[in-house]
Every structure is written in C-alpha cells, then in structure tokens.
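Student: sharing a model that was predicted from the sequence below.
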Number of protein chains: 2
Amino acid sequence: MPQRATAAQVAAHAGVSVASVSRVLNGLASSSRMAARVQAAAAELDYVPDATARSLKVGRTEQLALAVADVGNPAYVAMMRAVDEVVRTAGYRTVLSAMGADPDDEIDLVRNLARGYADGLILSPLRVTADLVHELEHARRPVVVVGSLPPGTAIDNVRADSPGGVRLALTHLHDRGCRRIGFLNGPPDTVPGAARARGYLRTVKRLGLPQDSALSVTAADFTYDAGRAVAARLLDRDDPPDAVLGANDLLAVAIVNAVTERGGRVPEDVAVVGMDDTELAEYTRPSLTSVSLGSVERGRIAAELLLARIADPSRDVQRVTMTPRLTIRSSSGPARGGRA
Amino acid sequence: MPQRATAAQVAAHAGVSVASVSRVLNGLASSSRMAARVQAAAAELDYVPDATARSLKVGRTEQLALAVADVGNPAYVAMMRAVDEVVRTAGYRTVLSAMGADPDDEIDLVRNLARGYADGLILSPLRVTADLVHELEHARRPVVVVGSLPPGTAIDNVRADSPGGVRLALTHLHDRGCRRIGFLNGPPDTVPGAARARGYLRTVKRLGLPQDSALSVTAADFTYDAGRAVAARLLDRDDPPDAVLGANDLLAVAIVNAVTERGGRVPEDVAVVGMDDTELAEYTRPSLTSVSLGSVERGRIAAELLLARIADPSRDVQRVTMTPRLTIRSSSGPARGGRA
DNA sequence: ACGTTTACCGTAATCGTTTACAGACCGGCG
DNA sequence: CGCCGGTCTGTAAACGATTACGGTAAACGT
C-alpha cells in the first residue's frame, strides 16, 4: 500500500507552488512550460488529488444518495440501474442507502444527509408519515421523492399512476370476459398498497363488477413468499375468482404458481395480470401480462430532477406522473370468447 | 434549504471553544456542565457535523465501494444485499460503482479509488487482465476481489468453486440417467465462463459422457435474452441433448422456456440445471434445480475481509473458496429410472 | 522610452473538523 | 504552605485541496 503523494509534494518536486499544481491539473490558465513540468512531476509521483479535501473546499461531494425500500424487488433494481446510469454520466457517484421497512430509517436518512456526505437524495419510501414529510421539507440538501406525496408538499417528485394502472389491468381483464376479478395487494398502509387498493375499488365499481370483499386479499409485503402465503385465501373458495390482479409482478407470479399447483390453468381458469412489468414477466411461464408503471423512467427522471435542482436550487418544484402502459402476454391469454 | 450551522457557531452560541464542542459530540472526557451546554446549543442550532471535514481530518470516509459487472443479474443483486448488510452494520456506507463490460472500467475504478472517496473496494470483475492485476496490487486502498485471480496474486479474495459446482450438477444429471448433457455457457473469456467450461470438459471426461463439441454452446453474455438467442443451436438438432446445464439461472431458464415452446417437457425430455440458485429458481415453472455458488456468503465474506483488512492492513492475505451446494427442484425431476 | 495592459505565478486564506499540547484549576498530601 | 496529580478546557496546528489577491515581468501601443 504505497503512500499517497499530495499536491504539496508535487509542487516541491516540480519546483513550483501548489497553486500552480492545482491550476494545471484543473485545466486553468498556465503556460505550457508550467503545465509540462507539473504534469511530469505528477506522473512521476503518481499523484491523484484527494476527493475529500476537494469536496471540503468546493462544497460538493459529487455523490448522490439513493434509497429504496427493497433491493430484492426487480422493479427497484431496474430503477436503480436507471438512476445510476444518469448519475454516473453526470460525473457523480451513487451511494446506496438501503433501508428496512421502518419509516424511522428514512427519517434518519434524511437527517444524515445534513452531514453532507452526498449532494442530494433520491428517496423511494414505502410509507410516508407526517414526520417524514416534515423532515423532507427541512432537508439540508435537495431531495427527490419517487412515489406519491401529500398534496401541497413542496418536494420534487415523480410518481406512478397506480390507480390508472389498475384500471388498465382490470379493464383488460373485463374485456376478456372475466367477471369475478380478485386482487392480491401488498400492505395497504404503504403508499403503493393504498393507491392500488383505491384504484381497485374505484374500477370495480365503475365496471359494475361484484364488490365482494373476499376477492381482495393483502399480503404481508410485496414479496413472492408473502404472496404464496395468502394465495390460498383467494383460490380455495367455493366461488374462486376467474382472474386475479397482483399488485406486483412477484405477487402475480405467486398467484400463477398457486393456480397451476392446484391443477388450474392460466389463463383458462384464472387469468392473471401483474404490475411493474419487470423482466420476471418475460421469464415466467406462462409469460405474465403486466402493466408498467415506468420504473425505469421514474428512476431516470428522478435523477434528472435532482441534478437539475442541484444546479439551480431555486427552480420551480416539479411533479411528474408517469402514464401506465399495459403489455399483454400469455397469462391473460387470447380473447375468451366462446368459453365459460 | 436552511443554512448549516458549523461547530464554530455552536461554540460561540454556547460560549465555549470548538474543541469542546467536538469533544462533547464525540463522547470524549468533559464535565457534565460542559456537555449540557454544548448539547443544548447544538440542539438549538440543529447542528450536524460535516462528514467531509471529518473525513479529511481523520483520514477515513466510512464508505466502501462495491463494483459488480451486471446489476441485472439476480446473483449479483443478492450479493449486493449481503455486502450492504455487513457494511452498514459496521457503520459504513456503500457506494455503488456499476461498470460496463469493458475491463478498462475496472482499471479506472481502482485508479479512482486513489482519490480516497472510499476506504476500500469490493470488486467482482468479469474479466481479469494482467493490467488489472497489476493495478490491484498497487492500489492505494484495500481491495477484495470476488472471483478467481491468477495464482500468487496477493489480494484478498473469495471465489466460487465453479468446476466443483459444474461437477455437482453433471453428476446429478448423470445419476438421473441423462447421457447427452449439453452446456449453455456464457462468454468463455470471462472468469466464470472459463472456469465453468473447464469444469464441464473435465467432468464430461470423468463421467465417460460423449465429448461432442456441438453439445457446448456459448451465449454472448449471461443474460436471459442471450440464452434465448442461442438455445436453438442446442435444441434444434437431430440428436438433441437429454439434459442441459446452464452456466447461470438466467441461461437455464432460457433453455427451459425454449424447450417447452418447442413442445418438449422439462424434465422428461430435457432435464435442466442452473447455477447460482437465485430466487428465480423458485419462481419459474418447473422450478429450477440449481447449484448455489454461495453468492450471498461470498458477498458477506468479502465485506468482512475488507473491513478486517482496513482494521489491520498488515494481516495475512486471505483466500476463501465457497463449496457449492446443489438444490434439487422439478426441472431435473425425480429419478428417471424406467423411462428412456 | 515610458506607461499600461495582459498573462502568469506565488502567498496565504479558507473549507469544517479533530487533536496534540499546554495552561488553568482544584483537591489532597506531606 | 508548597507541590504534585489529575481533570478540564482553550489555543492552534493540522488534514489536502481550491482560489482570491497581489506582484512581477513580458508585451504592447504611442
């Protein structure tokens, strides 16, 4: 582990001042003779400027923090990739701040941001409490929230249109002839859980479908295992649904597998639609019809919003909503026409 | 965006010196009267110490960099989670340094580490060139490599036993009665690709299986799509294999889907085994027999090795190899006994 | 030839902490 | 009463860069 050279050492070695070293290495005005000397000395000593010292002086870390609720969820993975892509090409680094389900984690995170280890934060919280909103509005560094916020909150944010996505999915199933459409939701006290539950109720009413509360089941979280754990409540009934919407691709796949394990066929006996349109939808068999809520674009836009705000802190607060898009695959099958 | 208070302001507000502020906030010796005053002042001004300044002074950033080749690969996602878990509980942050397929990216990364933006690096390179090894050995900060390195390289590393894993898989298939066992590999010029190819050849020989080079196919990378693109070369033959090993769960799933789309049955017509034992193996139908190369443990151990080396830079170089473990699921089916 | 602009370069201040060092104070012991 | 030991506290020097400022010398115009 060789010692690191400092700018002062380079300066001494080249017989110039540290100011000149800094100038040359940052491409500021300097004679070509000077530039050559400094560069030679820097190369000889294998000098690399210290990021920490630079950050302290210029007041920027060139790092952006990213916090998502669940790194295991493919939708978040896709979002992370998109964020990192934008962030990196802008010359910043991404620091990952995974967090648990505890909303206090998020509050701590925003507080810690005040330490200045990053120039901004992209936060995708599962639950939004009043405390969190308060903390966000008083954050010492710019924050962009991915997901909905209470109306009037003055924070840049980019949200999915969950109710719209649910409507797209249910309408599609209705068009295919499904009438008893079940819903496997995640925890209803989360932002996406609540939004999707709202969308489900609203659309069921609008389409004139049976408002049977037994058709709506919630999993403990948005994971495959949690989906499997409660799938029986939906399927093992005298009057099982002829279609199920999963609040998530993972939950949808859980339903698909639960159906097939019971000897049922997807989509003939039960059609299934997922949400997020992750890669999973392509891998699984039957491939999964899924409505994209724009995870990738949300990530990209969030990163761009953050960079823009860092560049101009006084710009207007932005609020972007993605429009959902349905991709039809095998799990909701071809038109059911003659059957049933 | 309220202004940030500095230690000097807190000191002035409390009528003490900045040294005392620092001492109190870091829990060093100080009278209770002093502690109370400082804490009151700090609370009043909502003071949070600056991470950058602290880092500059103490020479630690409390950040660890993590670089993996492909964030889309579930095996790496699992590894990332494991790393982050360990890193975070040790009080460090994880900074993500995604990189492309270009080996130069990795060299840049190691070089950049000299800037001191992180206290250490966990690197999982797809390809290991001589230049990279050289760079690693002269790195200014501790590096742990996940994956194999040329013998004699003095770098902490934790590797998978790919050949062992392949042997496990092939032996299993052989035991099930399969004789024409195909292999869908990733790029053979990558570290895992090369290791698995070696393992395949060796085991095929040992088991006395046909050494038909047409049975071994390589995909352009370790992704599902790349697998799909070349699956035909393996399946659409006069003498198709009765089993296929995927170098990857993604590649294995690609084979499974390609088989079923051709009307074949898995495992009856073609048994399939994957590698990495990711969550995908549970989701897909038929569920995928897969050999775990210990992605999660590799991540955990890599993080622990790095932390240990940071704590004691002169400790002996460690090299850990995970032993592979086979999990049998439906895709390689029950004993084939009477059939064929 | 002389004043003035221009281009470079070095000195030193600065970013916000931590921490070595030394001074101040108090109590207790001989 | 003097001295020693210990406990706190403040002063000031780092950490390693960037950059405002001023000075020097070359270049230029008349």
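Tutor: That came through fine. Numbering: from 1, shown residues only, chains lettered A, B, ... in the order given.
Student: make it CA atoms for all contacts and neighbour counts henceforth
Tutor: Will do.
Student: for the stretch 101-250 of chain A, which segments count as strands?
Tutor: Counting by DSSP state E, counting those that start in this stretch, residue ranges of the strands within the stretch 101-250 of chain A are A:120-124, A:143-146, A:157-160, A:181-185, A:216-218, A:243-246.
Student: pick the most deeply packed of these.
Tutor: Per-stretch averages of neighbours, counted by mean count of other C-alpha atoms under 10 Å in any protein chain shown, single out strand A:243-246 among these, with a mean of 29.
Student: what lies in contact with that strand?
Tutor: A:169-170, A:173, A:178-185, A:252, A:255, A:267, A:269-275 (C-alpha atoms under 8 Å, 6 or more residues apart in numbering or on different chains).
Student: report the buried members of those residues.
Tutor: Buried by 16 or more other C-alpha atoms under 10 Å in any protein chain shown: A:169-170, A:173, A:178-185, A:252, A:255, A:267, A:269-275, out of the contacts of strand A:243-246.
Student: need the helix or strand of chain A with the lowest average pLDDT.
Tutor: When each helix and strand of chain A is scored by mean pLDDT, DSSP states H and E, helix A:103-113 comes last, with a mean of 87.
Student: who touches it?
Tutor: Taking contacts as C-alpha under 8 Å, 6+ apart, the residues outside helix A:103-113 that touch it are A:97, A:99, A:120-121, A:125-129, A:131-132, A:135-136, A:139-141.
Student: swap the cut-off to 6 Å and go again
Tutor: A:L132 (C-alpha atoms under 6 Å, 6 or more residues apart in numbering or on different chains).
Student: list the buried residues in that helix.
Tutor: For helix A:103-113, the neighbour count (16+ other C-alpha under 10 Å) marks A:P103, A:D105, A:E106, A:I107, A:L109, A:V110, A:R111, A:N112, A:L113 as buried.
Student: ok, so of those residues, who is nearest B:R285?
Tutor: A:P103 (35.6 Å; C-alpha to C-alpha).
Student: which pair of the buried residues of helix A:103-113 spans the longest distance?
Tutor: With distance counted by C-alpha to C-alpha, no two of the buried residues of helix A:103-113 lie farther apart than A:P103 and A:L113, which are 15.7 Å apart.
Student: rewinding a little: and the least confident helix or strand of chain A, anywhere near DNA strand C?
Tutor: No: against DNA strand C, helix A:103-113 shows no contacts by C-alpha under 7 Å from any atom of the strand, the least distance being 12.4 Å.
Student: what's around A:S31, how many residues?
Tutor: For A:S31, the neighbour count with other C-alpha atoms under 10 Å in any protein chain shown is 9.
Student: repeat for the one 10 residues further on
Tutor: A:A41 sits with 20 neighbouring residues when counted by other C-alpha under 10 Å.
Student: can you confirm it is in a helix?
Tutor: Yes: A:A41 forms part of a helix when assessed by DSSP: H, G, I helix; E, B strand; the rest coil.
Student: now do it, the pLDDT please.
Tutor: Looking at A:A41, its pLDDT is 92.
Student: ok now stretch A:133-152, how far from the chain's centre?
Tutor: 15 Å (C-alpha atoms, centre = their mean, to the nearest Å).
Student: and DNA strand C, is that stretch touching that?
Tutor: No: contact of stretch A:133-152 with DNA strand C (C-alpha under 7 Å from any atom of the strand) is absent, the minimum separation being 12.6 Å.
Student: list the buried residues for stretch A:223-238?
Tutor: Buried residues in stretch A:223-238 (16+ other C-alpha under 10 Å): A:T223, A:Y224, A:D225, A:A226, A:G227, A:R228, A:V230, A:A231, A:R233, A:L234, A:L235.
Student: can I get that stretch as PDB, trimmed to CA atoms?
Tutor: The C-alpha trace of stretch A:223-238 is given here as PDB (Å, rounded to 0.1, in the frame of the first residue of the first chain):
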ATOM      1  CA  THR A 223     -42.600 -10.500  -2.000                       C
ATOM      2  CA  TYR A 224     -43.200 -13.800  -3.700                       C
ATOM      3  CA  ASP A 225     -43.300 -15.700  -0.400                       C
ATOM      4  CA  ALA A 226     -45.800 -13.300   1.100                       C
ATOM      5  CA  GLY A 227     -47.900 -13.800  -2.000                       C
ATOM      6  CA  ARG A 228     -47.800 -17.600  -1.800                       C
ATOM      7  CA  ALA A 229     -48.700 -17.400   1.900                       C
ATOM      8  CA  VAL A 230     -52.100 -15.800   1.200                       C
ATOM      9  CA  ALA A 231     -52.900 -17.100  -2.300                       C
ATOM     10  CA  ALA A 232     -55.000 -19.900  -0.800                       C
ATOM     11  CA  ARG A 233     -57.400 -17.300   0.700                       C
ATOM     12  CA  LEU A 234     -58.200 -16.200  -2.800                       C
ATOM     13  CA  LEU A 235     -58.200 -19.600  -4.600                       C
ATOM     14  CA  ASP A 236     -59.500 -22.200  -2.200                       C
ATOM     15  CA  ARG A 237     -63.100 -21.000  -2.100                       C
ATOM     16  CA  ASP A 238     -66.400 -22.200  -3.400                       C
END
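Student: what is the burial count for the closest residue to DNA strand C within the stretch 201-340 of chain A?
Tutor: With C-alpha to the nearest atom of the strand as the measure, A:I310 is the residue of the stretch 201-340 of chain A nearest to DNA strand C, at 17.2 Å. When counting by other C-alpha under 10 Å, one arrives at 16 neighbours for A:I310.
Student: next: A:D102.
Tutor: When neighbours are counted by other C-alpha under 10 Å, A:D102 registers 12.
Student: quick one: the helices in the stretch 101-250 of chain A?
Tutor: Here the stretch 101-250 of chain A has its helices, by DSSP state H, counting those that start in this stretch, at A:103-113, A:130-137, A:162-175, A:191-207, A:224-235, A:249-261.
Student: need the contact partners of the helix or strand hosting A:V296.
Tutor: Using DSSP states H and E, the element containing A:V296 is helix A:295-311. By C-alpha under 6 Å, 6+ apart, the list of residues contacting helix A:295-311 from outside reads A:A78, A:M79, A:A82, A:V83.
Student: compute the inter-axis angle for it and strand A:120-124.
Tutor: Between helix A:295-311 and strand A:120-124, the angle comes out at 150 degrees (axes from the mean of the first three to the mean of the last three C-alpha atoms, to 10 degrees).
Student: counting by contacts, list what whatever helix or strand comes next after helix A:295-311 packs against.
Tutor: Going down the chain from helix A:295-311, the next helix or strand is strand A:319-322, by DSSP H and E. In this structure, strand A:319-322 makes packing contacts with strand A:157-160, judged by 3 or more C-alpha pairs under 6 Å, 6 or more residues apart in numbering or on different chains; DSSP states H and E.
Student: name the nearest residue to A:R179, sequence neighbours excluded.
Tutor: Once flanking residues are discounted, A:R179 sits nearest to A:L209: 6.2 Å by C-alpha to C-alpha, 6 or more residues apart in numbering or on different chains.
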